[in-house]
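Engineer: Got a predicted model here, sequence first, then my questions.
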Amino acid sequence: MNINYLLKKLFHSFITLIIVITINFFLFRVMPGDPTAMVAKSANLSPEYAEKLNEMYGFDRSLPVQYAMYIKSLVTGDFGMSFKFRKPVINIIGERIMATILLAICAQTVAILFGIVVGTLAAAHRGRKIDVGALGFALFIYAIPAFWLGIVLVSFFSVKLGVFPVNGMVDAGRDYATTWAYIKDVLHHLLLPSISMGLAICGGYTMIMRSSLLDVLTEDYITTARAKGYKRKDVVIKHALPNAMLPMVTVIAINIGFMIGGALQTETVFSWPGVGRLVYDSLEARDYPVLQGAFLIISFCVIIANFIADILYGYLDPRIKYE
């Protein structure tokens, strides 16, 4: 790989991150609400107490000074203090991020496998019943709101059948004799939100995979492979599929970034203790430092995911040259 290309992409990612940090800083300064009242959880503050709070959190400084302090804090890993939890924001997000990463990985696995398999089958049998059925199902799933799908799954599998837990990551107050017992309980709670979240995005993957593969199947080298007598399965899987994966890589990378940042709807429906649920609770409480930290994490994940996608392009398609 060309080292200059890698450094160029790293520089672009760094510039993007600086812009995101700047927007993130000013966005919460222009939102409505008195920050000192939120810290004190009271609208009736004495002038002396309000002045002390402003001095403590730096609200009495000018915006350029506050911005410089904000950058300095980020460099040292200080994301501020939560108004609601009265704890450092980095600790609060750290307690939730692994739950979201676990959910995001499982949901993406479900969506990617389903989207690639169904999209490939639809493209390979274009115009036939399997194509029409797969495309119709993908469009139907794509149009369903994620929160509605989650509510339906909870109502049927958890409430009516009692197969899966209604909410949470583990059974509250339960003592586990072994680590394996704890892992099984987590997996039991994880299965339904993973399926719900995976189904919510697999429709888009299916349509992208089908469209990309249909374009690739019209290329000259595919015609040549068919003329050589290769079976249709080998032509699709070995020749067409690797090149058709390029658009999928972009979409998957972006989705992974956003999902790690917070799957708000799914985590809210299933009361999953992740970053998405944290953002929802912080929005209700107007806990701006937590929201600021969470949005920065979301943006960072998206930037990193796109950077990785750019690097993977060259390995998936040798025609791409790093310059």
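Structural biologist: Now that the structure is in, tell me what you want to look at.
Engineer: what residue ranges in this protein score low on pLDDT?
Structural biologist: Within the chain, the segments meeting pLDDT under 70 span 1-2, 31-51, 53-60, 257-258, 260-262, 314-323.
Engineer: That one: helices as residue ranges?
Structural biologist: 3-27, 35-40, 47-57, 63-75, 89-124, 129-143, 146-153, 179-216, 220-227, 232-234, 241-261, 264-269, 275-285, 288-316 (DSSP state H).
Engineer: helices or strands up against the fourth one?
Structural biologist: Just to be clear, that refers to helix 63-75. helix 3-27 (3 or more C-beta pairs under 8 Å, 6 or more residues apart in numbering; DSSP states H and E). The way it works is simple: take the backbone N, C-alpha and C, and place the C-beta from them, glycine included.
Engineer: Pull out the buried residues from the helix it packs on.
Structural biologist: 13, 16, 20, 21, 24, 25 (16 or more other C-beta atoms under 10 Å).
Engineer: Out of the helices of the chain, which one sits most buried?
Structural biologist: With neighbours defined by mean count of other C-beta atoms under 10 Å, none of the helices of the chain is more surrounded on average than helix 264-269, at a mean of 22.
Engineer: so can I have CSV of the buried residues of helix 3-27 showing distance to residue 273?
Structural biologist: Listed next are the buried residues of helix 3-27 as CSV, based on distance: C-beta to C-beta, whole Å:
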residue, distance to residue 273
13, 30
16, 30
20, 26
21, 27
24, 24
25, 28
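Engineer: Could you identify the most distant pair in the residues you listed?
Structural biologist: 13 and 25 (18.8 Å; C-beta to C-beta).
Engineer: Relative to residue 166, which of the helices of the chain is closest?
Structural biologist: Proximity to residue 166 (C-beta to C-beta) singles out helix 179-216 among those, at 9.3 Å.
Engineer: Quick one: neighbours of residue 159, just the number.
Structural biologist: Residues near residue 159, counting by other C-beta atoms under 10 Å, number 10.
Engineer: circling back: nearest to residue 159 among the helices of the chain would be which one?
Structural biologist: The nearest among the helices of the chain, by C-beta to C-beta, is helix 146-153 at 10.0 Å.
Engineer: Helix 179-216 and the closest one, what's the angle between them?
Structural biologist: 130 degrees (axes from the mean of the first three to the mean of the last three C-alpha atoms, to 10 degrees).
Engineer: how about helix 146-153 as CSV, C-alpha atoms only?
Structural biologist: Output in CSV follows, covering the C-alpha atoms of helix 146-153 (Å, rounded to 0.1, in the frame of the first residue of the first chain):
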residue,chain,number,x,y,z
ALA,A,146,-37.2,0.0,13.8
PHE,A,147,-39.1,0.8,17.0
TRP,A,148,-42.3,-0.7,15.6
LEU,A,149,-40.5,-3.9,14.6
GLY,A,150,-39.0,-4.1,18.1
ILE,A,151,-42.4,-3.6,19.8
VAL,A,152,-44.0,-6.4,17.6
LEU,A,153,-41.2,-8.8,18.4
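Engineer: can you give me how far it is from the chain middle?
Structural biologist: Here helix 146-153 is found 18 Å from its chain centre; the criterion is C-alpha atoms, centre = their mean, to the nearest Å.
Engineer: if I pick the spatially most central residue of the chain, what's in contact with it?
Structural biologist: Centre of the chain computed as the mean C-alpha position; nearest residue by C-alpha atoms, centre = their mean is residue 259, 1.3 Å away. By C-beta atoms under 8 Å, 6 or more residues apart in numbering, the contact set of residue 259 is 100, 103, 104, 107, 108, 197.
Engineer: cool, residue 217 as well?
Structural biologist: Taking C-beta under 8 Å, 6+ apart, one finds 123, 236, 240 in contact with residue 217.
Engineer: What is the nearest of those to residue 207?
Structural biologist: Among the contacts of residue 217, and counting by C-beta to C-beta, the member closest to residue 207 is residue 123, at 10.5 Å.
Engineer: one step back: adding distance to residue 171, write the helices of the chain out as a markdown table.
Structural biologist: Listed next are the helices of the chain as a markdown table, based on distance: least, C-beta to C-beta, whole Å:
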| stretch | distance to residue 171 |
| --- | --- |
| helix 3-27 | 37 |
| helix 35-40 | 34 |
| helix 47-57 | 39 |
| helix 63-75 | 38 |
| helix 89-124 | 15 |
| helix 129-143 | 30 |
| helix 146-153 | 19 |
| helix 179-216 | 6 |
| helix 220-227 | 53 |
| helix 232-234 | 46 |
| helix 241-261 | 25 |
| helix 264-269 | 18 |
| helix 275-285 | 18 |
| helix 288-316 | 27 |
